[in-house]
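**Q** what would the 3D arrangement of this be:
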Amino acid sequence: MSRVLIVGAGLTGSLCAYLLRREMVNKVKIVVWDKAKGAGGRMSTSRSPGDATCTVDLGAQYITATPYYAQKHQSFYEELSKHCILKPLTAPVEGMMIKDEGICNYVTPLGVSSIVKHYLRESGAEVFFGRHVTKIVQEGDRWEVSQAAGPVEQFDSVILTVPVPQILQMQGDVSSLIDGTGRQTLGAVSYSSRYALGLFYKADTQIDVPWAAKYITNNPCVRFISIDNKKRNLESAGSGPSLAVHTSVPFGVQHLDKTIEEVEPLILKELQQVLPGLPKPLSTKCQKWRYSQVTQSVTGSPGQMTLSSRPLLVCGGDGFTHSTFDGCIDSALKVLEVFRSSLC
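**A** Numbers count the residues shown, from 1 in each chain. Below you'll find the predicted structure:
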């Protein structure tokens, strides 16, 4: 069996693992590494330190399906709905822009990271966290993969699903395999940057607003607020409410090189301007998203870039398509096509 390493336990990485297991069950052994402490990537859900049932989404807030993608990726939506991982968003979201008719928005009752965890679970992959890949070198017909702390391991194939700038920073043969044109192509990929702040409250705390989520247009810092239990229709779950705050992109860029400890008080101060009298939370969690959403993807949105066919080294992710659930599915399907051709 071919030993495959997937770098990145976010949505694209989990989908690649899931599809490889489904399509090549007796041909590949799948291993997933991620430098974080848990699965999700930018589909991140954090738990309250004082109440494990109280969670907040600090990454993607909901899934939007256009009529085109709802049909194209129908099997994916049906499977997640069947397992109650996705449910229609019915709670009021103030300021939401509906661009096309027939769009359906979905929420995740167990948090947005539950999508990633579902695909990883179904893949049967060996998943390891705290493994930060720094160098990839070809050794014969295999790849020797080094991490920041830990032993070097060898794999028959490697899939990189981390943000494109992190691919360009990798040492070893990855850099030499990206030729001048490829480096120029990947170097043109750009991302927005922002901060997200989660606030956790004790049980029975009331946040008296008529909406479950709201887009803010008149504040330099706060762009989006979500009361996550209301957004997910979980008001009677018994735990305290949680609130997610996403900053504007200009604020994120302005403060990108500051520490979380420096930025969190600034967000809280602006939040009080937007929601005067907001109760004091029991705890908070601040997240810096240096690579939030793709603003410029690889030209032509090819879904993947193959750096080496023998042994196989392929890149995927929303940087090669677009920053949506469906963009990640498209990328994972393209990676699967490459594997079909390589392993046949």
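**Q** direction included, what does the one helix or strand in the chain whose mean pLDDT sits lowest pair against?
**A** None of the helices or strands of the chain scores lower by mean pLDDT, DSSP states H and E than strand 51-57, at a mean of 88. Counting by DSSP bridges, the strands paired with strand 51-57 are strand 45-48 (antiparallel).
**Q** centre of the chain to the partner strand, how far?
**A** 15 Å (Cα atoms, centre = their mean, to the nearest Å).
**Q** convert the C-alpha atoms of that strand to PDB, please.
**A** The C-alpha trace of strand 45-48 is given here as PDB (Å, rounded to 0.1, in the frame of the first residue of the first chain):
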ATOM      1  CA  THR A  45     -14.500  25.800  16.700                       C
ATOM      2  CA  SER A  46     -13.300  26.700  20.200                       C
ATOM      3  CA  ARG A  47     -14.600  25.400  23.500                       C
ATOM      4  CA  SER A  48     -15.100  27.400  26.700                       C
END
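**Q** tell me the average confidence for it?
**A** On average, the pLDDT along strand 45-48 is 94.
**Q** for it, give me every contacting residue.
**A** 54-59, 110-114, 198, 200, 239-240, 242, 282-283, 285, 287 (Cβ atoms under 8 Å, 6 or more residues apart in numbering). Any C-beta I mention is one placed from the backbone N, CA and C, and that applies to glycine too.
**Q** next step: those restricted to strands.
**A** In this view, these that belong to strands under DSSP state E are 54, 55, 56, 57, 198, 200, 242, 283, 285, 287.
**Q** pull out the buried residues from those residues.
**A** 54, 55, 56, 57, 198, 200, 242, 285, 287 (16 or more other Cβ atoms under 10 Å).
**Q** and the residue nearest the centre of the protein?
**A** residue 42 (2.6 Å; Cα atoms, centre = their mean).
**Q** residue contacts, the nearest residue to it once chain neighbours are set aside?
**A** Once flanking residues are discounted, residue 42 sits nearest to residue 59: 4.4 Å by Cβ to Cβ, 6 or more residues apart in numbering. Residues near residue 59 by Cβ under 8 Å, 6+ apart: 40, 41, 42, 43, 44, 45, 112, 113, 196, 287, 289.
**Q** and what of residue 21?
**A** Contacts of residue 21 by Cβ under 8 Å, 6+ apart are 28, 30, 122, 123, 124, 125.
**Q** and the helix or strand hosting it, which residues are buried?
**A** Here residue 21 sits within helix 11-23, counting by DSSP states H and E. By neighbour count on 16+ other Cβ under 10 Å, the buried set for helix 11-23 is 11, 12, 13, 14, 15, 16, 17, 18, 19, 20, 21.
**Q** swap in stretch 284-299?
**A** 284, 285, 286, 287, 288, 289, 291, 292, 293, 294, 297, 298.
**Q** repeat that for stretch 86-97.
**A** By 16+ other Cβ under 10 Å, the buried positions in stretch 86-97 come out as 86, 89, 91, 93.
**Q** in helices, which of the contacts of residue 59 fall?
**A** Among these, the members falling in helices (DSSP state H) are residue 113.
**Q** please, where are all the helices along the stretch 101-250 of the chain?
**A** 113-123, 164-168, 173-177, 180-187, 228-231, 249-254 (DSSP state H, counting those that start in this stretch).
**Q** redo those as CSV? Include mean neighbour count.
**A** Shown next, in CSV, are these (neighbours: other Cβ atoms under 10 Å):
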stretch, mean neighbour count
helix 113-123, 22
helix 164-168, 19
helix 173-177, 16
helix 180-187, 12
helix 228-231, 24
helix 249-254, 17
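**Q** poorly predicted segments of the stretch 151-300 of the chain, please.
**A** 235-238 (pLDDT under 70).
**Q** same thing but 90
**A** The model of the stretch 151-300 of the chain has pLDDT under 90 over residues 179-181, 203-204, 233-240.
**Q** give the contact list for residue 161.
**A** 6, 7, 8, 10, 12, 13, 16, 315, 316, 317, 331.
**Q** same thing but at 10 Å, please
**A** Residue 161 is in contact with 6-17, 32, 34, 41, 167, 304, 314-320, 328, 331-332, 335, counting by Cβ atoms under 10 Å, 6 or more residues apart in numbering.
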